[in-house]
Every structure is written in C-alpha cells, then in structure tokens.
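Visitor: Sequence isn't available, so here's the structure alone:
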C-alpha cells in the first residue's frame with residue numbers, strides 16, 4: 001500500500017500544489033515566497049489525501 005500511496009502522491013501532490021499556486025496568483029500573492037509556500041502547502045496536503053485514496057483502493 002505504501003508504494004501505491006507514493007505513486008498517488010506524485011500525481012495528487014502536483015495537482016494540489018499547482019492549484020494552490022494558481023489560487024495564490026489569482027488572489028494577488030505574486031512574490032516568490034508566497035508562491036513557494038502555496039506549492040509546499042499543496043504538496044503537504046496531498047499526503048493524507050493519497051493515503052486515504054490508497055486505503056480505499058486496497059479495500060480497507
């Protein structure tokens with residue numbers, strides 16, 4: 001299950017990080033640090049999401 005969660009995290013993390021960066025840019029936060037923080041927040045938020053999806057796919 002860990003391998004599936006890591007593979008899912010690659011895709012889900014990049015999706016959430018990209019969405020967070022777009023949201024930061026739309027709301028007017030266009031400095032380097034705000035964009036990096038938004039990307040990091042999306043990447044970290046993908047950890048529990050990918051774990052939940054991997055658990056659901058394994059039927060647990």
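Guide: Yep, it's here. Computed from a predicted model, the values in this text were never measured in an experiment.
Visitor: host element of the residue most central in space within the chain?
Guide: The centre of the chain sits closest to residue 13, judged by CA atoms, centre = their mean, with a distance of 2.9 Å. Assigned by DSSP states H and E, residue 13 belongs to helix 2-26.
Visitor: buried set for that helix?
Guide: 5, 8, 9, 12, 13, 16, 17, 20, 21, 24 (16 or more other CB atoms under 10 Å). Every residue, glycine included, has its C-beta placed from N, CA and C.
Visitor: and that helix, what other elements does it pack with?
Guide: helix 32-57 (3 or more CB pairs under 8 Å, 6 or more residues apart in numbering; DSSP states H and E).
Visitor: mean confidence for the helix it packs on?
Guide: Regarding helix 32-57, the rounded mean pLDDT is 96.
Visitor: Just the angle for that helix relative to helix 2-26, thanks.
Guide: For helix 32-57 against helix 2-26, the angle by axes from the mean of the first three to the mean of the last three CA atoms, to 10 degrees is 140 degrees.
Visitor: And helix 32-57, what does it pack against?
Guide: So helix 32-57, by 3+ CB pairs under 8 Å, 6+ apart, packs with helix 2-26.
Visitor: just how off-centre is the helix it packs on within its chain?
Guide: 3 Å (CA atoms, centre = their mean, to the nearest Å).
Visitor: now do stretch 25-36
Guide: 17 Å.
Visitor: Any idea how far apart the tips of that stretch sit?
Guide: When the termini of stretch 25-36 are compared using CA to CA, to the nearest Å, they are 11 Å apart.
Visitor: buried sites along it?
Guide: For stretch 25-36, using 16+ other CB under 10 Å, no residue counts as buried.
Visitor: hmm, back to that, give me the residues contacting the helix holding residue 13.
Guide: Contact partners of helix 2-26, identified using CB atoms under 8 Å, 6 or more residues apart in numbering, comprise 30, 34-35, 37-43, 45-47, 49-51, 53-54, 57-58.
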